[in-house]
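1. Fold the following.
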Amino acid sequence: MRIWSIHPKYLDTQGLVALWCETLLAKKVLENKTRGYKNHPQLERFKKSDDAISAINMYLTEVFNETVKRAYNFNKLKIGSIRKNLNITVTSGQLEFEIKHLEKKLNDRESKKYLELKTITNIEPHPIFKVIEGDVEDWERTEQRLFG
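-> Okay, here's the model as predicted:
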């Protein structure tokens, strides 16, 4: 499961569709409607927010907005209500890690999107995230952390 901290506009079609599906799964986890993925590290930041369900719905809303811009036909009714507007912090190191991770993926499967991403100097986060200085987030599974 990858719930990107970067803005969904940077994702290719495959990445955006996967993000939609994985975030809907994350929503079910947060709503206690599934037994799997309950301790997935990508969910920690939503669980720590003031209102995890509103936060995941805000996240999904922006993903949905990106699908509309691309003329995809996703079901907005899958997004629940937003009871309060929230910001979740994300570190600058996390954004840098994710851009490098996405570049690797796009280099393999979508050269046009890869070249487009390489020209961007100021990467925007998903709007729910407020960027703070720092290293890669503790919950991120990096190769260095996995293989020491």
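2. how about residue 131, secondary structure?
-> With DSSP: H, G, I helix; E, B strand; the rest coil as the basis, residue 131 sits in strand.
3. Identify each buried residue in stretch 128-148, please.
-> 128, 129, 136, 137, 140 (16 or more other CB atoms under 10 Å). The C-beta positions use only the backbone N, C-alpha and C, and glycine is treated the same way.
4. repeat for stretch 17-28
-> 19, 20, 22, 23, 24, 25, 26, 27.
5. Show the average pLDDT along it.
-> In this model, stretch 17-28 carries a mean pLDDT of 96.
6. Please enumerate residues in contact with that stretch?
-> For stretch 17-28, contacts defined as CB atoms under 8 Å, 6 or more residues apart in numbering pick out 1-4, 8, 11, 34, 37, 40, 42-43, 46, 53, 56-57, 59-60, 63-64, 67, 72, 74, 78, 80.
7. Quick one: buried ones out of these?
-> Buried by 16+ other CB under 10 Å: 1, 3-4, 8, 11, 40, 42-43, 46, 53, 56-57, 59-60, 63-64, 67, 74, out of these.
8. Start and end of stretch 121-133, how far apart?
-> 17 Å (CA to CA, to the nearest Å).
9. Mind listing residues that contact it?
-> Applying CB under 8 Å, 6+ apart, the set of residues contacting stretch 121-133 from outside is 4-10, 55, 58-59, 62, 86-92, 95, 99.
10. Stretch 29-41 now?
-> With CB under 8 Å, 6+ apart, stretch 29-41 has contacts from 1, 25-26, 28, 43, 46-47, 52-53, 56, 139-141.
11. Okay, buried residues for that stretch please.
-> By 16+ other CB under 10 Å, the buried positions in stretch 29-41 come out as 29, 30, 40.
12. Please identify which of the residues you listed is nearest to residue 118.
-> Nearest to residue 118 among those, counting by CB to CB, is residue 40 at 29.8 Å.
13. Give the helix, strand or coil label for the nearest residue to residue 137 once chain neighbours are set aside.
-> Excluding its sequence neighbours, the residue lying closest to residue 137 (CB to CB, 6 or more residues apart in numbering) is residue 94, at 4.6 Å. Three-state call for residue 94 (three-state DSSP): helix.
14. ok, now which ones touch residue 94?
-> With CB under 8 Å, 6+ apart, residue 94 has these contacts: 5, 134, 136, 137, 140.
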